[in-house]
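Participant: Provided below for reference: sequence and predicted model.
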Amino acid sequence: MGEQTKTSARIAGPRDAGEGGSPPVIDAAFARWLADRAGQELLRVRAEIGYADPKALKAAGDQAAHDLLKTELARWRPADAVLSEEDEHSRVAWQEGVARPDRLGASRVWIVDPLDGTREFSEEGRTDWAVHVALWTADSSNPACLAAGAVAMPAQHRTFATDKPPAYPPMPLESATGGAIRIAASRTRPPAFVTALAGEIGAELVPMGSAGVKIAAVISGEADAYVHAGGQYEWDSAAPVAVALATGLHASRIDGTPLAYNQGDPKLPDLVVCRKDLAPRLLAALQKHLPTQ
Ligand SMILES: Nc1ncnc2c1ncn2[C@@H]1O[C@H](COP(=O)(O)O)[C@@H](OP(=O)(O)O)[C@H]1O
Ligand SMILES: [Mg+2]
């Protein structure tokens, strides 16, 4: 039996791809592979550094995951541009009169958040943090031009990616029967209007960290919607929105307009992700909360 186990452990499987050899060629499978690699690195950093100094743990996690993504993207997708939360040069808002960053003239741009839910990553026992890897392409047929995306949630042992989009979530019983809609919201800084909105439509807030984990909760049916406003950047939502759209969910700005990525200014301050059947009701309720022009 022991010998059998040893033998089968030596048989190469799909997980071996990339361990020593090449990663997947297809972009969506590559995004999953890359997000998983960074996720494993983050678990290693957590185990090595511990939780005594949360600031040091956050910094070490951000850096380690960023370095891994940067190195592997340069190695396996050298012609593509990158927009990363942790890369000052690519993330800066472009203004007329200064040199355009490479990504604005590129046809393929990886939009990555090496560690989303940084605060939760630094808290022992919390699993609501993620690695985001998305691919924006100028010629994508997707409305947000997101050709591929992966959200790794290593502490939850799951990764959602566009290579195998999860099945469309079933309508939960409580929503189907008129019970409270569950809106995923930031656990540390929920926007004031989301609390007001929940009161107006009889929804309950489900607090959790990380934009990626909140959108993953909608994808899996653990929440009915994610509503956010007041500030965020393209890397906070690109990968999970790619998976949500591939799953068949609704994703837009809170005024209903499409989400646009790889813009001159990477600020993308608000969004709503929900089941399609809920979108008209939520967007109507959001009307009175839109920022004044
Ligand atoms: N008002 C705001 N301005 C800028 N970024 C915000 C924001 N509210 C949330 N975010 C970002 O969105 C992600 C999810 O936040 P939350 O868990 O509070 O919902 C976090 O990303 P990072 O962890 O990558 O910094 C956080 O920084
Ligand atoms: Mg983030």
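Facilitator: Looks like it arrived, so ask away. Ligands and ions are numbered 1, 2, ... in the order given.
Participant: how many neighbours does the residue of the stretch 151-293 of the chain found nearest ligand 2 have?
Facilitator: Nearest to ligand 2 in the stretch 151-293 of the chain, going by Cβ to the ion, is residue 236, at a distance of 4.0 Å. Just so you know, the C-beta spots here come from the backbone N, C-alpha and C atoms, and that holds for glycine as well. By other Cβ atoms under 10 Å, 25 other residues sit near residue 236.
Participant: need the contact list for it.
Facilitator: Residue 236 makes contact with 85, 113, 116, 132, 211, 212, 268 under the criterion Cβ atoms under 8 Å, 6 or more residues apart in numbering.
Participant: again, but for residue 42
Facilitator: Neighbouring residues of residue 42 by Cβ under 8 Å, 6+ apart: 61, 64, 65, 115, 121, 129, 131, 154.
Participant: what would those look like in a markdown table with pLDDT?
Facilitator: Converted to a markdown table, the contacts of residue 42 look like this (pLDDT from 0 to 100):
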| residue | pLDDT |
| --- | --- |
| 61 | 98 |
| 64 | 98 |
| 65 | 98 |
| 115 | 98 |
| 121 | 98 |
| 129 | 98 |
| 131 | 98 |
| 154 | 98 |
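Participant: from those residues, which would you call buried?
Facilitator: Among those, those that count as buried by neighbour count (16 or more other Cβ atoms under 10 Å) are 61, 64, 65, 115, 121, 129, 131, 154.
Participant: in strands, which of the residues you listed appear?
Facilitator: Among the buried ones among the contacts of residue 42, the members found in strands (DSSP state E) are 115, 131.
Participant: just to revisit the earlier point, just give me the closest of the contacts of residue 42 to residue 190.
Facilitator: Of all those, residue 190 sits closest to residue 129, with 17.4 Å by Cβ to Cβ.
Participant: hang on, that closest one packs against residue 213?
Facilitator: Yes: with contact defined as Cβ atoms under 8 Å, residue 129 reaches residue 213; the gap is 7.0 Å.
Participant: which residues do those two both contact?
Facilitator: Shared contacts of residue 129 and residue 213, defined by Cβ under 8 Å, 6+ apart, comprise 116, 117, 153.
Participant: pLDDT score for the second one?
Facilitator: Here, the pLDDT recorded for residue 117 equals 98.
Participant: what about it, how many residues nearby?
Facilitator: 28.
Participant: where's it relative to residue 163, distance?
Facilitator: 23 Å (Cβ to Cβ, to the nearest Å).
Participant: now do the last one
Facilitator: The gap separating residue 153 from residue 163 is 16 Å, by Cβ to Cβ.
Participant: which residues touch residue 129?
Facilitator: Contact partners of residue 129, counting by Cβ under 8 Å, 6+ apart, are 42, 115, 116, 117, 118, 120, 121, 153, 155, 209, 210, 213.
Participant: check the secondary structure at residue 287 for me.
Facilitator: At residue 287, secondary structure determined by DSSP: H, G, I helix; E, B strand; the rest coil is helix.
Participant: that older thread, can you tell me which of the contacts of residue 236 end up in strands?
Facilitator: Counted as lying in strands by DSSP E, out of the contacts of residue 236, are 113, 116, 132.
Participant: make CSV from these and add neighbour count and distance to ligand 2 to it.
Facilitator: CSV is the format used below for these (neighbours: other Cβ atoms under 10 Å; distance: Cβ to the ion, whole Å):
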residue, neighbour count, distance to ligand 2
113, 33, 4
116, 28, 4
132, 34, 7
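Participant: can you tell me which residues in the chain are near ligand 1?
Facilitator: Contacts of the chain with ligand 1, taken as Cβ under 6 Å from any ligand atom, map to 85, 113, 116-118, 186, 188-189, 209-211, 230-232, 236.
Participant: to what extent is residue 198 buried, counted in neighbours?
Facilitator: Using other Cβ under 10 Å as the criterion, residue 198 is surrounded by 21 other residues.
Participant: which residue comes closest to it once chain neighbours are left out?
Facilitator: In space, residue 198 comes closest to residue 205 once its chain neighbours are excluded; the distance is 5.4 Å by Cβ to Cβ, 6 or more residues apart in numbering.
Participant: can you confirm that neighbour is in a strand?
Facilitator: Yes: when classified by three-state DSSP, residue 205 is found to be part of a strand.
Participant: related to what we said a few turns ago, got phi/psi on the residue of the stretch 151-293 of the chain closest to ligand 2?
Facilitator: The phi and psi values for residue 236, taken as degrees, to the nearest 10, are phi -70, psi -30.
Participant: ok, it to residue 91 distance?
Facilitator: 12 Å.
Participant: repeat for residue 215
Facilitator: For residue 215, the distance to residue 91 - Cβ to Cβ - is 21 Å.
Participant: between those two, which is the more surrounded one?
Facilitator: residue 215 (32 against 17).
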